[in-house]
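*Asks:* this one's sequence-less:
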């Protein structure tokens, strides 16, 4: 719906800026044609027959009818031009902004314009060209899809409303030349009103303006109410923080201070069988624990000389054993 409101506002701005240029003339001709069609449709509702619908290059038009009788029929048929354009514009805009049945609405509207054009305008005239071109364009937009039909409804509805309210200024300039002046002259001549044509025209124009404003308000008010009651979009919930990585178990139980001691060295391989007969070498002292200072040997040369003497004695015993075995064999 918000995008549709922007389309309507953009259309209104463009119409205001280019109102007096030839770029807007095709849009104005469509509004004038529909204005005259409402005169004809309301006359047909009271039993009259439409002879011809004509529009002129000066943005004026005529609807020639026969058989229109009665003051009520004349008042309603003359008033239907301004009021019908304003109401149809409000209905088209509402349907486009509500975003429902937009293709159906646009097709029906285009079909009515095409029907009235083919029956009640002369071929080749400005009314015929305007009606045929716009009706085919509206039907084509309806066939394209919902988005195209929605935008077409919003643009055409805004254009009709804008032109209808712009016509209110005509009442302040030369009201006698408008439909209000036609109705005022009829009231003075046929209904025996004693007021001047100017006063009657002004009274009729004020009544039409109030009716248009009230009707448009009741048609478009649900849009404003719907927009006001529409809840604001909730912000997307923030992603939860990622959990901290688990602390390794060793890091939880490791004591503070120097690093843990290295694992003890693997035991030395077993000595040969012959060496088992001699006294084994005393086991080496275990490595010092981590964190305790290693004590240096007071006599660094003593340990190495004792090992050499033991090895020499072991060799002598082995030689003696070999000699003894050799003598026994002999």
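*Replies:* All right, it came through fine. Since the structure is predicted, the reported quantities are computational estimates derived from the model, not experimental observations.

*Asks:* longest single helix anywhere in the protein?
*Replies:* Looking across the chain with DSSP state H, the single longest helix is helix 197-229.

*Asks:* which secondary structure elements does that one contact?
*Replies:* Helices and strands in packing contact with helix 197-229 are listed as helix 71-98, helix 146-174, helix 179-190; criterion 3 or more Cβ pairs under 8 Å, 6 or more residues apart in numbering; DSSP states H and E. Bear in mind the C-beta positions are built from the backbone N, C-alpha and C, glycine included.

*Asks:* Identify each buried residue in the shortest one, please.
*Replies:* Yep, that's helix 179-190 we're talking about. The neighbour-count check on helix 179-190 (16 or more other Cβ atoms under 10 Å) flags 179, 180, 181, 182, 183, 184, 186, 187, 188 as buried.

*Asks:* which ones are touching the first one?
*Replies:* Applying Cβ atoms under 8 Å, 6 or more residues apart in numbering to residue 179 gives the contacts 78, 79, 81, 82.

*Asks:* what's the answer for the fifth one, then?
*Replies:* Contacts for residue 183 were tallied using Cβ under 8 Å, 6+ apart; they are 74, 75, 78, 79, 200, 201, 204.

*Asks:* any idea how far it lies from residue 107?
*Replies:* As for residue 183, its distance to residue 107 is 34 Å (criterion: Cβ to Cβ, to the nearest Å).

*Asks:* on that earlier part again, out of the helices and strands packed on helix 197-229, nearest to residue 59?
*Replies:* In terms of Cβ to Cβ, the element of these nearest to residue 59 is helix 146-174, at 9.4 Å.

*Asks:* any idea how far that closest one is from the chain center?
*Replies:* From the chain centre to the centre of helix 146-174 is a distance of 26 Å (Cα atoms, centre = their mean, to the nearest Å).

*Asks:* Could you do stretch 46-62 as well?
*Replies:* Mean C-alpha position of stretch 46-62 versus that of the full chain (Cα atoms, centre = their mean) differs by 44 Å.

*Asks:* can you check stretch 39-53 too?
*Replies:* Relative to where its chain is centred, stretch 39-53 has its mean C-alpha point 45 Å off (Cα atoms, centre = their mean).

*Asks:* Next, the buried residues of that stretch.
*Replies:* By neighbour count on 16+ other Cβ under 10 Å, the buried set for stretch 39-53 is 39, 40, 41, 42, 43, 46, 48, 50, 53.

*Asks:* quick one: low-confidence ranges for the stretch 151-300 of the chain?
*Replies:* Counting by pLDDT under 70, the ranges of the stretch 151-300 of the chain that qualify are 170-176, 224, 226-300.

*Asks:* if we go to 80?
*Replies:* When the per-residue scores of the stretch 151-300 of the chain are filtered using pLDDT under 80, the ranges that remain are 165, 167-177, 190-195, 197-198, 223-300.

*Asks:* now the strands: where do they sit in the stretch 1-150 of the chain?
*Replies:* Taking DSSP state E, counting those that start in this stretch, the strands of the stretch 1-150 of the chain run over residues 49-55, 61-66.

*Asks:* Go through those strands and name the closest to residue 11.
*Replies:* strand 49-55 (22.0 Å).

*Asks:* What mean pLDDT does that closest one get?
*Replies:* Throughout strand 49-55, pLDDT has a mean value of 94.

*Asks:* That strand packs against which elements?
*Replies:* Other elements packing on strand 49-55 under the criterion 3+ Cβ pairs under 8 Å, 6+ apart are helix 25-45, strand 61-66, helix 102-120, helix 126-144.

*Asks:* what's the longest one in contact with?
*Replies:* Helix 25-45 is touched from outside by 15, 50, 53-55, 59-63, 65, 68, 73, 76-78, 80-85, 88, 112-113, 116-117, 120, 126-127, 130-131, 133-134, 156, 159-160, 163-164, with contacts defined as Cβ under 8 Å, 6+ apart.

*Asks:* which of the residues you listed count as buried?
*Replies:* Buried residues within the contacts of helix 25-45, counting neighbours by 16+ other Cβ under 10 Å: 15, 50, 53-55, 61, 63, 65, 68, 73, 77-78, 80-85, 88, 113, 116-117, 120, 126-127, 130-131, 134, 156, 159-160, 163-164.

*Asks:* if we can go back for a sec, could you dump the helices and strands packed on strand 49-55 into CSV with distance to residue 308 and mean pLDDT added?
*Replies:* Shown next, in CSV, are the helices and strands packed on strand 49-55 (distance: least, Cβ to Cβ, whole Å; pLDDT from 0 to 100):
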stretch, distance to residue 308, mean pLDDT
helix 25-45, 121, 94
strand 61-66, 135, 93
helix 102-120, 111, 95
helix 126-144, 109, 95
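
*Asks:* can you list these in TSV and add distance to residue 311?
*Replies:* Below are the helices and strands packed on strand 49-55 laid out as TSV (distance: least, Cβ to Cβ, whole Å):
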stretch	distance to residue 311
helix 25-45	120
strand 61-66	135
helix 102-120	110
helix 126-144	108
